[in-house]
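Colleague: Okay, here's the prediction I keep looking at, along with the sequence it came from:
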Amino acid sequence: SQQGEEDPQALSIQEGENATMNCSYKTSINNLQWYRQNSGRGLVHLILIRSNEREKHSGRLRVTLDTSKKSSSLLITASRAADTASYFCATDPLTGGFKTIFGAGTRLFVKA
Amino acid sequence: GAGVSQSPSNKVTEKGKDVELRCDPISGHTALYWYRQSLGQGLEFLIYFQGNSAPDKSGLPSDRFSAERTGGSVSTLTIQRTQQEDSAVYLCASSQSTAKNIQYFGAGTRLSVL
């Protein structure tokens, strides 16, 4: 079964608003990453947070990790139309080899 | 190369034919992954290569799927006797080591089986 599950599945907001996406996972992890995908093509890495970290920032991105709840959130502040994309969380489980598990993604649409 | 390169970018084939998809990872990256993504879905892990170690094939959906990585660099994913349900985007990614580093993705191959 899938390790990571994002919610909401789809999100539509106005430019300038903040967008929050959540990810839940099932087993203990080494780290959790967020990726972005435009137009169903290659994914681009956004940010990695290790299991011993609780919060991380990168530009307009803020990621939190709660290992007790097995959940993470990605916040994009002051969104722009160019942020329109699908966002995926990906976890590296502690066990199970080197299989990075991707969630089904959140499709974000930012209206200009 | 500057990034992960996949070819072809699009492939249309007839049911029952074999197809080969190619991936050129970033130079120096020892880890290489193949994923499959159906329309509007997340990524499904297929296979993982790390250096000269035996690959992790646990994600391959059937014995019609196989992959090779020659010389620790270029990889080929082969699908034999293609079926319509094989239609998807096949993504390749590479990373620097087994330290579960950041994965760098190619643009993918969009496979359509008619």
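Modeller: Received, thanks. Numbers count the residues shown, from 1 in each chain, chains lettered A, B, ... in the order given.
Colleague: Next SSE downstream of the helix or strand of chain B with the lowest mean pLDDT?
Modeller: None of the helices or strands of chain B scores lower by mean pLDDT, DSSP states H and E than strand B:43-50, at a mean of 91. Next helix or strand after strand B:43-50 toward the C-terminus (DSSP states H and E): strand B:65-69.
Colleague: Against which helices or strands is the least confident helix or strand of chain B packed?
Modeller: Applying 3 or more Cβ pairs under 8 Å, 6 or more residues apart in numbering or on different chains; DSSP states H and E, we find strand B:43-50 packed against strand A:101-102, strand B:31-37, strand B:65-69, strand B:75-79. Bear in mind the C-beta positions are built from the backbone N, C-alpha and C, glycine included.
Colleague: Flag whichever of those strands has the least confidence on average.
Modeller: Among the helices and strands packed on strand B:43-50, strand A:101-102 carries the lowest mean pLDDT, at a mean of 86.
Colleague: what packs against that one?
Modeller: strand A:85-93, strand B:43-50.
Colleague: For the ones you listed, give me TSV that also has mean neighbour count and distance to A:W34.
Modeller: Below are the helices and strands packed on strand A:101-102 laid out as TSV (neighbours: other Cβ atoms under 10 Å in any protein chain shown; distance: least, Cβ to Cβ, whole Å):
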stretch	mean neighbour count	distance to A:W34
strand A:85-93	23	6
strand B:43-50	22	13
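Colleague: Reformat those as JSON lines; add distance to B:S66.
Modeller: As requested, the helices and strands packed on strand A:101-102 are exported to JSON lines (distance: least, Cβ to Cβ, whole Å):
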{"stretch": "strand A:85-93", "distance to B:S66": "25"}
{"stretch": "strand B:43-50", "distance to B:S66": "9"}
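Colleague: Give me the pLDDT for B:T98.
Modeller: pLDDT, B:T98: 56.
Colleague: so where is chain B shaky, pLDDT-wise?
Modeller: B:1, B:98-101 (pLDDT under 70).
Colleague: From chain A, how far off is the spatially most central residue of it?
Modeller: Nearest to the geometric centre of chain B sits B:W34, at 3.3 Å (Cα atoms, centre = their mean). Applying Cβ to the nearest Cβ, to the nearest Å, the value for B:W34 to chain A is 12 Å.
Colleague: if you skip the residues just before and after it, what's nearest to that residue?
Modeller: Excluding its sequence neighbours, the residue lying closest to B:W34 (Cβ to Cβ, 6 or more residues apart in numbering or on different chains) is B:L46, at 4.2 Å.
Colleague: so that neighbour makes contact with B:S75?
Modeller: No - in this structure, B:L46 is not within contact of B:S75 by Cβ atoms under 8 Å, at 10.9 Å.
Colleague: any residues in contact with both of these two?
Modeller: Listed as contacting both B:L46 and B:S75 by Cβ atoms under 8 Å, 6 or more residues apart in numbering or on different chains are B:W34, B:A67.
Colleague: And for B:G16, the neighbour number?
Modeller: Neighbours of B:G16 under the rule other Cβ atoms under 10 Å in any protein chain shown: 10.
Colleague: In space, what's closest to it - neighbours in sequence excluded?
Modeller: B:R81 (5.6 Å).
Colleague: Wait, a strand at the one you found?
Modeller: No - B:R81 is assigned coil when assessed by DSSP: H, G, I helix; E, B strand; the rest coil, not a strand.
Colleague: If we go by neighbour counts, what in stretch B:3-15 is buried?
Modeller: B:V4, B:S5, B:Q6, B:K11, B:T13 (16 or more other Cβ atoms under 10 Å in any protein chain shown).
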